[in-house]
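S.K.: Just the structure for this:
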Amino acid sequence: MRPLLVLLLLCLSIPALADEMTPVDGPTNDIVLGSSFNYQGRLVLNSTPINGGADIRISLWDAASAGSQIGIDQTFLAYGVVEGLFSVELDFGAGAFAGDARWLEIEVRSPTGVGGYTTLTPRQEINAVPYALHALNGGGGGSSGLWDLSGPTVTNSSGSRVLINRTYTIGSEYFGVYAPTTGYGGMYINTQGDSGKPFYGYKAGATVAMWTYQDGATREWRVYNNGDRLGVLPTGEVTVGNTVTIDDDDGTNTGGSIELRKNDGTVGAELFGAAGSGSQGGTLALYNDSDPTATVVLDGEYGNPGGGALLLRNQTGATTIELAADLNPGDRGMIRMFAPDGTQTLTLDANESGLADQGATIKLYDDLGNLTIELDSDYGAGGEGRITTEVIEITGGADFSEQFDVSCGSAAPGSVVSIDPASPGQLCLSSTAYDRRVAGIISGAGGVKPGLLMGQRGTEADGQHPVALTGRVYCKVDASFGEIEPGDLLTTSPVSGHAMKVSDHSKASGAILGKAMTSLDSGRGLVLVLVSLQ
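M.R.: Numbers count the residues shown, from 1 in each chain. The predicted structure is shown next:
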């Protein structure tokens, strides 16, 4: 094919713009501007315009020579050329023109279908058309324009507000969108790929920027502020950092939940809106550092139905303490304790067996689960309080005492007392040697206290002073009637409230207090006595 001398005239236009030249009814925002444009040119061969058919191939490039091709070739076969003139519509796609410079490369073959294409040089630069300048400059053009173009970036050069579909502003906003609709209205930020992260950012001066974004890979909505701080999952969960999860329904019939994690990511605490099957009350569960089983459980409805309860578990997850406000069967409070193997070892029951005529009980079990000690406040039906056990060991005192009132004299601990014939049920200080009315010794002298104290309140079998009837007790003794050694029998003396050594055994029968366990050489003092009235 012979070389072509071509005169190219470039004209870019958008067909829909022609409609805007005449008035139309209704809003003009229904007109949609596409990505196509018209190109017109003139083909001349050896100073003679071409007439007839020609094959024309046009491509778009980002440089005047070499560079990269944009979009695909636009080919027009056997295109009719009249007096060298032709006009074609080109469309390289919506993303072909992002603000950077573009050039057209034109190839021609004439006659059609014969030989190869001849590339015409130079490439033809595409200049902005008036409506493109109008959009870029905000309608004013020149120095009055509101927009600047720098590569693919368009900026508002005047610092004015940008409003879409409205003329008013709210507060000091710089960008506003109005969506006149009763349904959804707003703006999308869309990424090309499903795993992209569309975001909306914030930055105040030199401070660290923050933004909200969608994680396309997980479908989470996140808030970033010097790190991911808040997230909303498509399942309805809300996460705060890496330590808090709020779930409207975790799928296990527990309703809403709040989960708090420790720094290592393991669960530290959980709050459930409904426990068990979902029909029960809420629970609060606390975890230790190593075991996945909660070590503390506060249950709003323990049992089904039931009252509140507190469960404490050891580090292996075994329940060791159970505090229930309404434990079935029966509606009463109860505390139970267990060995690590699950054996029950203690029960504190506010109403034994849940029966109406039964009071509280405390039951202690051995390591095999056998009941060994029972403290019953209401033994039997309306009965008296009772302690049932195999052995009672008392470590706080050394004698067996009964409570008496002393009608005469100063009833100090260690004093010897006798039956007062003038006051039924009462005692008085002894003041006669070998007194057969002797009753015992007032306990508490020398720091030795009663170990077991008896009496019946509200009757004559009660009183203010504990009188040792048996056991070990310190006693006031007068050694002027004879030196006292351990093993000596003691009886009453003429000295008020004092004992003495038995020296006349014929008189001592029925008047013996007990045996001395310590000695006293002379004078008056305290002697430890093993009380045994004879």
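S.K.: need the contact list for residue 104.
M.R.: 10, 39, 58, 59, 60, 61, 90, 123, 124, 126 (Cβ atoms under 8 Å, 6 or more residues apart in numbering). Just so you know, the C-beta spots here come from the backbone N, C-alpha and C atoms, and that holds for glycine as well.
S.K.: Identify, from those, the entry nearest to residue 359.
M.R.: Taking Cβ to Cβ as the measure, residue 60 is the one of those closest to residue 359, at 98.0 Å.
S.K.: Nearest to the middle of this structure, which residue? Look it up for me.
M.R.: Nearest to the mean C-alpha position of the chain, by Cα atoms, centre = their mean, lies residue 260 at 3.3 Å.
S.K.: I'd assumed residue 240 was in contact with that residue.
M.R.: No: using Cβ atoms under 8 Å, residue 260 and residue 240 do not qualify as a contacting pair, with a distance of 9.5 Å.
S.K.: who does the nearest residue to residue 499 once chain neighbours are set aside bridge with?
M.R.: Once flanking residues are discounted, residue 499 sits nearest to residue 490: 4.5 Å by Cβ to Cβ, 6 or more residues apart in numbering. In this entry, residue 490 is beta-bridged to residue 501, residue 514, by DSSP bridges.
S.K.: Show the contacting residues for residue 490.
M.R.: Listed by Cβ under 8 Å, 6+ apart, the contact set of residue 490 reads 475, 477, 484, 499-502, 512-516, 527, 529.
S.K.: could you flag which of the residues you listed are buried?
M.R.: 475, 477, 484, 499-502, 512-516, 527, 529 (16 or more other Cβ atoms under 10 Å).
S.K.: State the pLDDT value of residue 243.
M.R.: pLDDT for residue 243: 85.
S.K.: Please tell me how far the residue nearest to it when sequence neighbours are not counted sits from residue 185.
M.R.: Among residues not flanking residue 243 along the chain, residue 261 sits closest, at 4.5 Å (Cβ to Cβ, 6+ apart). Using Cβ to Cβ, to the nearest Å, residue 261 is found at 38 Å from residue 185.
S.K.: And residue 82, by the same measure?
M.R.: Taken as Cβ to Cβ, the span from residue 82 to residue 185 is 52 Å.
S.K.: Same question for residue 63.
M.R.: Taken as Cβ to Cβ, the span from residue 63 to residue 185 is 43 Å.
S.K.: can you check residue 215 too?
M.R.: Distance from residue 215 to residue 185, by Cβ to Cβ: 25 Å.
S.K.: could the contacts of residue 490 be laid out in TSV, adding pLDDT and distance to residue 318?
M.R.: As requested, the contacts of residue 490 are exported to TSV (pLDDT from 0 to 100; distance: Cβ to Cβ, whole Å):
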residue	pLDDT	distance to residue 318
475	95	54
477	97	59
484	95	61
499	95	59
500	96	65
501	95	64
502	94	64
512	95	59
513	95	56
514	93	53
515	95	54
516	94	56
527	95	56
529	95	53
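S.K.: quick one on the thing from earlier: have a look at residue 261 and residue 185 and say which one is more surrounded.
M.R.: Shown here are residue 261 and residue 185; by other Cβ atoms under 10 Å, residue 261 has more neighbours (18 against 11).
S.K.: The stretch 51-200 of the chain: helices as residue ranges?
M.R.: With DSSP state H, counting those that start in this stretch as the criterion, the stretch 51-200 of the chain has helices at 130-136.
S.K.: try the chain
M.R.: Using DSSP state H, the helices of the chain run over 130-136, 505-508.
S.K.: in the last one, what's buried?
M.R.: By that I understand helix 505-508. Of all the residues in helix 505-508, those buried under the rule 16+ other Cβ under 10 Å are residue 508.
S.K.: who does that helix touch, helix- and strand-wise?
M.R.: strand 489-492 (3 or more Cβ pairs under 8 Å, 6 or more residues apart in numbering; DSSP states H and E).
S.K.: Using PDB, write down the CA coordinates of the strand it packs on.
M.R.: Extracted in PDB, the C-alpha atoms of strand 489-492 (Å, rounded to 0.1, in the frame of the first residue of the first chain):
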ATOM      1  CA  LEU A 489      -8.200 -35.200 149.900                       C
ATOM      2  CA  LEU A 490      -9.700 -31.700 150.300                       C
ATOM      3  CA  THR A 491     -12.800 -30.600 152.300                       C
ATOM      4  CA  THR A 492     -14.400 -27.400 153.400                       C
END
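S.K.: how about it: buried residues?
M.R.: 489, 490, 491, 492.
S.K.: same check, this time on stretch 517-526
M.R.: 519, 520, 525, 526.
S.K.: Report the contact partners of the third one.
M.R.: Going by Cβ under 8 Å, 6+ apart, residue 525 touches 476, 477, 479.
S.K.: quick one: low-confidence parts of the stretch 101-250 of the chain?
M.R.: The stretch 101-250 of the chain contains residues with pLDDT under 70 at 128-152, 154, 157-159, 250.
S.K.: let's go with 80 and repeat that
M.R.: 127-162, 164, 166, 180-181, 248-250 (pLDDT under 80).
S.K.: go on, the stretch 401-534 of the chain?
M.R.: 409-410, 458, 460-461.
S.K.: Since that was my last question, I'll sign off now.
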